[in-house]
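1. Coordinates for the following, if possible.
(3 chains)
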Amino acid sequence: MTSAFEYAPAPESRSIVDVAPSYGLFVDGEFTEAADGKVFKTVSPSTEEVLSEVAQAGEADVDRAVQAARRAFAKWSALPGSERAKYLFRIARIIQERSRELAVLETLDNGKPIRETRDADLPLVAAHFFYYAGWADKLDHAGFGPNPKPLGVAGQVIPWNFPLLMLAWKIAPALATGNTVVLKPAETTPLSALFFADICRQAGLPRGVVNILPGYGDAGAALVAHPDVNKVAFTGSTAVGKEIARTVAGTRKKLTLELGGKGANIVFDDAPIDQAVEGIVNGIFFNQGQVCCAGSRLLVQESIHDELLDSLKRRLSTLRLGDPLDKNTDIGAINSAEQLARITALADRGEAEGAERWSPACELPTSGYWFAPTLFTNVTQAHTIARDEIFGPVLSVLTFRTPDEAVAKANNTPYGLSAGIWTEKGSRILAVANKLRAGVIWSNTFNKFDPTSPFGGYKESGFGREGGRHGLEAYLDV
Amino acid sequence: MPTTAPTAQALSDVTASDSTLRRFLHGLPGVDAVGLEARAASLGTRSIKTTAKAYAIDLAISMVDLTTLEGADTPGKVRALGAKAVHPDPTDRTTPTTAAVCVYPDMVAVAKETVAGSGVKVASVATAFPAGRAALGVKLADVRDAVAAGADEIDMVIDRGAFLAGRYLKVYDEIVAVKEACGTSARLKVIFETGELSTYDNIRRASWLGMLAGADFIKTSTGKVAVNATPANTLLMLEAVRDFRAQTGVQVGVKPAGGIRTSKDAIKFLVLVNETAGEDWLDNHWFRFGASSLLNDLLMQRQKLATGRYSGPDYVTVD
Amino acid sequence: MSDKTDKTEPRLSVFKTYKLYVGGKFPRSESGRVYEVTDSKDNWLANVPLSSRKDARDAVVAARKAFGAWSGATAYNRGQILYRVAEMLEGRREQFVREVAEAEGLSKAKAAAVVDAAIDRWVWYAGWTDKIAQVVGGANPVAGPFFNLSSPEPTGVVTVLAPQESSFLGLVSVIAPVIATGNTAVVIASEKSPLPALSLGEVLATSDLPGGVVNVLSGRTAEIAAPLAAHQDVNAIDLTGADEALAKELEIAAADNLKRVLRPQPVDFFATPGIERLTAFLETKTVWHPTGALGASGSSY
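-> Residues are numbered from 1 along each chain as shown, chains lettered A, B, ... in the order given. Sure, this is the predicted structure:
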């Protein structure tokens, strides 16, 4: 921006977090090297600086961690719920105490703005543990019959877009219900999970109840396939989700999958326009659009298309892209070179297929992985960018004429995770929400999350719900 | 923003009758309160440091309408206020002057004399401020008095009763009449008393109503009710002036008044201006703070930036 | 011609031609093929359609077509219709007792108990239609100015592999929960004993149940199930009637579009069911809406 009111840099202090030069696997309450001694580097996506070297779990480590979790299961599951609850409350409190440190760490390792880790990720992480802590001794009242039983060892594989929040979504309900956990964080964002291991230590959590295995897809596959795992929970791509579903076929493993999406954000002509613009921006540029429930398709009623696009473009011009640690940064770095390449390829394809590309004037840093906020107009249902999940800051704008056309287009995707509705007419909200085949519908808002609110998809966006009372079911033998 | 952009002609048509005006105002997009407040709060988390903070503090000082609107106002009090407006920090002559002093009509002459030659404007509340419950003739006489005494700016209150009763044309006609009474010399600020209009939809409608009637500024409140300027209602009014200029080419100023007491608050409002209406409004011709105690806090912060030490109330003047 | 008959000669009965039930109609298999169904003592009972992949495909089309209206019907209306099924069955109780006795080699008394339980099962699920949403849905107290409500919704088109042994009570026990919540079903009848299932189609057709809500196919379970498990327009599959090997194979195929899978498990169909078969084919939709305050300035009242 070339405004007279130029904001001076306002970086959050990095010194609050002490990143060690190397980290081990966290198995049976101790940090250890990988059996084969392998390590990998984790870099800061905004600078490409190497943050740390992390032990890389392989099949032998998976087996060791599952055995540790199995050994811990008998005692952990036999603890009175009220005792398990107190461990989880402790964890929630320690996360709150260390939230600034964890926010900075997450921003360093993931590339997302500190504004988001500070105001969204970390508060939600602590809230999630706090919420499920309270369930641990109330499971009899959860609607799954008297004395519902845990499943055993949960193998959990999480993505890089909300590393610590996805960990919370997985671990909190698993522990509350009496399961033990082996969790594999994503290879590009292992650090916050390893810091969480330290939080488990501070909380005095019995050894083996939580095991953290940084590693790549092979470790995830080994974990999912391990015969002594009773429960598999995965958040990530639909392609991998399908592979996991095939792997567990014919077993007794309980499976929940939180996968991709191509969310439609539907704006009617009677929408509260200024708030809709904010919702659209939040819907696709929150976390650089690397969100499974992103509102990546804007469906705008044709009669207000031009006006809305003008407002949207004006608003995009005020987005501040740059140093994720700067408290005024709205758009941070893309998580990895690989993801950047995917976004770039899909955006190029959009252009090649004839959609009109627009980005605000925006200077990209010279090192790190960056992609300017981008919107495409003249997009139809037939364009690749209207069908494939881009998982980046790229919005495809389509039009509709009538509510039923809007619903038909919104539902015209194999995904079914999220959708948005913008209208001031209450009955239209209810009618449209009723017809949308998606697990989370935001009306006159977008990208809101809460530990009490079940989250999860229809169709190829996966199955099972995380959050709320519903989230308990995935970890109980019911 | 109506859904089809009306021409200037169409906009003049909307005031042809009570019903056309009503249709127009009720055709403006609705405001979702939660979304509006969330946006205002989110902009409130901007972190303004060092050079940006210095810029913002000086800008904020230059935007203050230094105000005294008490029954106990005396010429002495007004002179002290005027002196402070001209030299906010006697220890640092690089401090900008405030934009204006704001007083009751009977104090305009005194104020005018005190600030003469400084560039500081004299603003006067009028139209039976703050309730506005008087006959139009009385209100206009109030305005003419103030203008005759030399007021550069008139801060009028709208007839909230008429507005809430849906008699928009009455409100409109009154603003037009007051504008006429201001003549060419005085700029008109139209106060909505947002706390009494209660809903954000009403505030958006009032903003457009005021601008259609010729307001030079739209202003939140009198400072005399429980809720005055808030980030959310100011954000909403900034959206209104932004959209009005986009449609008509006419730029209108915004003045939040009441309740803004700290530099931190003032800077948040400037961030709202910067990121909503844009830098064209970052000037005291287009944005003002109706405030009194705010100035001292701005001055203390200014001293802190200059010296690196925290200042204290003994190092700024009591007025 | 005399119309007198010799009373000692038994009357030659009229055989029923067993047909599929698809889209509210009773077609033969498009393959034109049938297979022989016998009772437990290997006596011939009937020739029944040997459904093909195309019959399966047609059934999915019918089920998808019926889904909008059936899932959009009021829960009360669905409950009334399920209850109507029980009423119709009660009237044809003797027929089903005979068919079940023949199919499963049961005594008349035992077969009667099976049929009675099946009729009562329809009544049980009829009562669930307008209660399940209150049991599994509800408001979520989110930490913000939002109204947040979770409601169950039917998954869509469900393929049901009916139990191989319990050809009627088991059948009813797997169909009723699927459609009670608004799903539509493509049902593969017990391979060995399909006659009660095909007869049930006749009952459903006269119970105000819209055509296509339940579609009944007879034939080789593995053959029909394979294309259904892989079908991209099927949302879920109940593997109750599959053996271990087939269940695994179908679950793998089902992963292609991430069908919801209910794995086979031991069931006592005489026991009162839980709600697991209802919830297995329900999605949870959560809707957020801002609430906020009455006014921009709080309330003065």
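
2. Can you name the residue of the stretch 1-150 of chain A nearest chain B?
-> With Cβ to the nearest Cβ, the shortest gap between the stretch 1-150 of chain A and chain B falls at residue A:10, namely 3.7 Å. No exception for glycine: its C-beta is placed from N, CA and C like everyone else's.

3. Run a quick neighbour tally on that residue.
-> When counting by other Cβ atoms under 10 Å in any protein chain shown, one arrives at 19 neighbours for residue A:10.

4. what about the strands in the stretch 201-301 of chain C?
-> C:214-217, C:236-238, C:260-262, C:282-290 (DSSP state E, counting those that start in this stretch).

5. Tell me which of those strands sits most buried.
-> Most buried of those by mean neighbour count (mean count of other Cβ atoms under 10 Å in any protein chain shown) is strand C:214-217; its value is a mean of 30.

6. so how far is that strand from its chain's centroid?
-> 8 Å (Cα atoms, centre = their mean, to the nearest Å).

7. Need phi/psi at the closest residue to chain B within the stretch 51-200 of chain C.
-> Across the stretch 51-200 of chain C, the shortest distance to chain B (Cβ to the nearest Cβ) belongs to residue C:145, at 4.9 Å. The phi and psi values for residue C:145, taken as degrees, to the nearest 10, are phi -80, psi 60.

8. Tell me which of the strands of the stretch 201-301 of chain C approaches chain A most closely.
-> Chain A sits nearest to strand C:282-290 of all those, at 4.5 Å, using Cβ to the nearest Cβ.

9. helices and strands around that closest one, which ones?
-> Helices and strands touching strand C:282-290, by 3 or more Cβ pairs under 8 Å, 6 or more residues apart in numbering or on different chains; DSSP states H and E, are helix A:426-435, strand A:440-443, helix B:33-43, helix C:132-136, strand C:146-154.

10. One more pass at 7 Å, please.
-> strand A:440-443, strand C:146-154 (3 or more Cβ pairs under 7 Å, 6 or more residues apart in numbering or on different chains; DSSP states H and E).

11. Reformat those into TSV and put mean neighbour count next to each item.
-> Converted to TSV, the helices and strands packed on strand C:282-290 look like this (neighbours: other Cβ atoms under 10 Å in any protein chain shown):
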stretch	mean neighbour count
strand A:440-443	27
strand C:146-154	20
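
12. and the residue of the stretch 51-200 of chain C closest to chain B, what pLDDT?
-> At residue C:145, the model reports a pLDDT of 96.

13. For residue A:353, which residues are in contact?
-> Residue A:353 makes contact with A:383, A:384, according to Cβ atoms under 7 Å, 6 or more residues apart in numbering or on different chains.

14. what about 6 Å?
-> Going by Cβ atoms under 6 Å, 6 or more residues apart in numbering or on different chains, residue A:353 touches residue A:383.

15. outside of stretch B:198-207, which residues touch it?
-> With contacts defined as Cβ under 6 Å, 6+ apart, stretch B:198-207 is touched by B:25, B:28, B:30-31, B:33, B:36, B:192, B:194, B:197, B:218, B:233, B:236-237, B:240, C:295-297.

16. I'd guessed residue A:223 sits against residue A:155; true?
-> Yes - at 4.3 Å, residue A:223 counts as touching residue A:155 under the criterion of Cβ atoms under 6 Å.

17. who in the stretch 201-319 of chain B is up against chain C?
-> For the stretch 201-319 of chain B, the residues in contact with chain C (Cβ under 6 Å from any Cβ of the partner chain) are B:227, B:233.

18. just the helices in the stretch 201-319 of chain B please.
-> B:231-248, B:263-276, B:294-307 (DSSP state H, counting those that start in this stretch).

19. Out of the helices and strands packed on strand C:282-290, which gets nearest to residue B:58?
-> Nearest of these to residue B:58, taken as Cβ to Cβ: strand C:146-154 at 40.4 Å.

20. Quick one: residues in contact with the closest one.
-> By Cβ under 6 Å, 6+ apart, strand C:146-154 touches A:453-454, C:71, C:133, C:136-137, C:139-140, C:142, C:181-183, C:282-291.

21. With stretch A:239-257 instead?
-> By Cβ under 6 Å, 6+ apart, the list of residues contacting stretch A:239-257 from outside reads A:151, A:224-225, A:231-234, A:259, A:462-464, A:474, C:248, C:251-252, C:255.

22. Next, format the helices and strands packed on strand C:282-290 as JSON lines and append distance to residue B:121.
-> Listed next are the helices and strands packed on strand C:282-290 as JSON lines, based on distance: least, Cβ to Cβ, whole Å:
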{"stretch": "strand A:440-443", "distance to residue B:121": "46"}
{"stretch": "strand C:146-154", "distance to residue B:121": "45"}
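
23. Contact partners for the residue of the stretch 51-200 of chain C closest to chain B?
-> By Cβ under 6 Å, 6+ apart, the neighbours of residue C:145 are B:34, C:291, C:292.

24. Test my guess that the first one contacts residue C:289.
-> No - taking contacts as Cβ under 6 Å, residue B:34 lies outside contact range of residue C:289: 9.1 Å.

25. Distance check, the most centrally placed residue in chain A against residue A:85.
-> The residue lying closest to the centre of chain A (Cα atoms, centre = their mean) is residue A:162, at 4.1 Å. Relative to residue A:85, residue A:162 is positioned 25 Å away (Cβ to Cβ, to the nearest Å).

26. near chain A, which residues of the stretch 151-300 of chain B?
-> Within the stretch 151-300 of chain B, the residues that sit near chain A (Cβ under 6 Å from any Cβ) are B:239, B:274, B:275, B:279, B:282.

27. Show me which of those residues is closest to chain C.
-> Each of these was scored against chain C by Cβ to the nearest Cβ, and residue B:239 proved nearest at 13.9 Å.

28. Give me the buried subset of the residues of the stretch 151-300 of chain B next to chain A.
-> B:239, B:274, B:275, B:282 (16 or more other Cβ atoms under 10 Å in any protein chain shown).
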